[in-house]
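Colleague: Predicted model and sequence follow; I will ask about them next.
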Amino acid sequence: MTNHTAKKGIFKASVLQNRLLGDKFFRLTLEVEKKAKTVFSKSNPGQFAEIEVSSLALPPENAIPPQFADASKRNVILRRPFSFADIMVSEDNVILEILYMIVGAATVRMKTLKTGDKVSLIGPLGNGFSFSDDKKAALLVAGGMGAPPLVHLAGFMKEKYPNTDIVVFVGTKSVSDLAFFDIKFDKFDKKKIKLGEFEKHNIQTHISTDDGSAGTKGFVTEVLKKWIIENKPDINNTIMYACGPDRMLHASAAVSSEFKIPCQVSLERRMACGTGLCQSCAVKCVDKNTGDNFYKLCCKDGPVFWADEVVWQ
Ligand SMILES: Cc1cc2nc3c(=O)[nH]c(=O)nc-3n(C[C@H](O)[C@H](O)[C@H](O)COP(=O)(O)OP(=O)(O)OC[C@H]3O[C@@H](n4cnc5c(N)ncnc54)[C@H](O)[C@@H]3O)c2cc1C
Ligand code: FES
């Protein structure tokens, strides 16, 4: 398996755009400083950056969602981890796309970022997804805000592994939770939607929502399972990549084990340093040969792990 993982550093980036999508998502577009160009251009889907937010002011009171009014008053000392939804490399610059959701004190503050602002980031961090030329099909499974690194992965694979067939499965609670995608609604049936990020690469995409407001009603892993049963992919040449909440990753690991399709999962843990020093992001793993348990660090050894090395709790 090839891993294109690049070495990290502390860098500055300029905000090109910080655009509201729906009512709680933002697309943050950053141009990295010149000396960071090489390292970020070699970055691998699944790697992430720790963004400094402590110097950002709170938005005006009427721009803070009421449910975060109290939480947002907390000081934000630690950097926050975000994956890349895309990395665009040209001769002139390297641009990072970050899709984020407002969930608390740091992300409320990130709303205030505007064109021309400078942010400090540490990255690219962690180990991303790995690839091998012998895999002819890749099944990408995204749950909720787990989608950004898989959007990056899909574009990356289309460019570097054009002979691999990609099928994407996206699941959210409701249609409004898909708002961070470039959504195209069908003129006649609003439940039939297309996601621009995958459509532009001609990637087959299956959408599901828990409440049935878009795509198939149900969990994304049920749609995935049904697809595998109906399409019978050659398991020796197929790989799964999944990112999302732990319960959904656990279910993806179960599908991987049932159909014997190897699966890499990108995990999220609360992170402090992001570089392996504070030990706050431990992931319980199992040695497949001995059955012994041991711990890896999500920030340094992950965030991408093989699904069958994680002890799902
Ligand atoms: C490797 C990695 C990549 C990530 N990529 C993205 C991304 O692309 N887009 C995005 O919107 N978010 C991403 N996150 C999550 C993001 O880091 C958190 O949403 C952010 O740190 C929240 O900060 P806050 O101060 O606004 O909220 P907090 O006050 O810190 O948290 C608010 C709520 O969110 C929960 N939460 C916070 N961080 C995490 C986490 N890491 N895992 C599970 N629950 C958490 C808390 O338990 C709490 O309930 C990623 C996390 C990791 C570890
Ligand atoms: S976040 Fe500090 S060791 Fe992982």
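Modeller: In hand now; what should we look at? Ligands and ions are numbered 1, 2, ... in the order given.
Colleague: Spatially nearest residue to the one residue in the stretch 201-313 of the chain that gets nearest to ligand 1 (excluding sequence neighbours)?
Modeller: Using Cβ to the nearest ligand atom, the point where the stretch 201-313 of the chain gets nearest to ligand 1 is residue 268, with a distance of 3.7 Å. To be clear about C-beta, it is placed using only N, CA and C from the backbone, and glycine gets the same treatment. Among residues not flanking residue 268 along the chain, residue 303 sits closest, at 6.9 Å (Cβ to Cβ, 6 or more residues apart in numbering).
Colleague: pretty sure residue 250 is in a strand, no?
Modeller: No: counting by DSSP: H, G, I helix; E, B strand; the rest coil, residue 250 falls outside a strand, being helix.
Colleague: In this structure it contacts residue 312, no?
Modeller: Yes: between residue 250 and residue 312 a contact is recorded at 4.2 Å, counting by Cβ atoms under 8 Å.
Colleague: Residue 266 and residue 213, how far apart?
Modeller: Between residue 266 and residue 213 the distance, using Cβ to Cβ, to the nearest Å, works out to 26 Å.
Colleague: what about the two, which has more around it?
Modeller: For residue 266 and residue 213, the more surrounded residue by other Cβ atoms under 10 Å is residue 266, and the numbers stand at 29 against 17.
Colleague: For the more buried one, list each beta-bridge partner.
Modeller: Listed beta-bridge partners, residue 266: residue 243, residue 304 (assigned using DSSP bridges).
Colleague: Can you classify residue 114 by secondary structure?
Modeller: Classification of residue 114 into helix, strand or coil gives coil, according to three-state DSSP.
Colleague: Compute the number of surrounding residues for it.
Modeller: Once other Cβ under 10 Å is used to define contacts, residue 114 is seen to have 9 neighbours.
Colleague: mind listing what it touches?
Modeller: In this structure, residue 114 makes contact with 15, 18, judged by Cβ atoms under 8 Å, 6 or more residues apart in numbering.
Colleague: remind me which residues of the protein are low pLDDT?
Modeller: For the chain, residues meeting the criterion pLDDT under 70 lie at 1-7.
Colleague: What residue in the stretch 101-250 of the chain comes nearest to ligand 1?
Modeller: Counting by Cβ to the nearest ligand atom, the stretch 101-250 of the chain gets nearest ligand 1 through residue 104, at 2.3 Å.
Colleague: Can you point out the helix or strand that includes residue 99?
Modeller: Using DSSP states H and E, residue 99 maps to strand 94-101.
Colleague: whoops, residue 103 was the one
Modeller: Using DSSP H and E, residue 103 is not contained in any helix or strand.
Colleague: can you check residue 11 too?
Modeller: strand 9-21.
Colleague: Name the next helix or strand downstream of that strand, please.
Modeller: With elements assigned by DSSP H and E, the helix or strand that comes after strand 9-21 is strand 25-32.
Colleague: and for that next one, what are the contacting residues?
Modeller: Strand 25-32 is contacted by residues 11-21, 40, 85, 93-102, 110-111, 113, 119, 121, 179-180 when judged by Cβ under 8 Å, 6+ apart.
Colleague: any idea which helix or strand comes after that strand?
Modeller: For strand 25-32, the succeeding helix or strand toward the C-terminus, using DSSP H and E, is helix 37-41.
Colleague: For the residue lying closest to residue 233 once chain neighbours are set aside, give the beta-bridge partners.
Modeller: Take residue 233 and drop its neighbours on the chain: the residue closest to it by Cβ to Cβ, 6+ apart is residue 137, 5.1 Å away. On the basis of DSSP bridges, residue 137 takes part in beta bridges with residue 165, residue 238.
Colleague: Now do the contacts for residue 137.
Modeller: If a contact means Cβ under 8 Å, 6+ apart, then residue 137 has 164-167, 233-234, 237-239 as its contacts.
Colleague: Brilliant, that's me finished.
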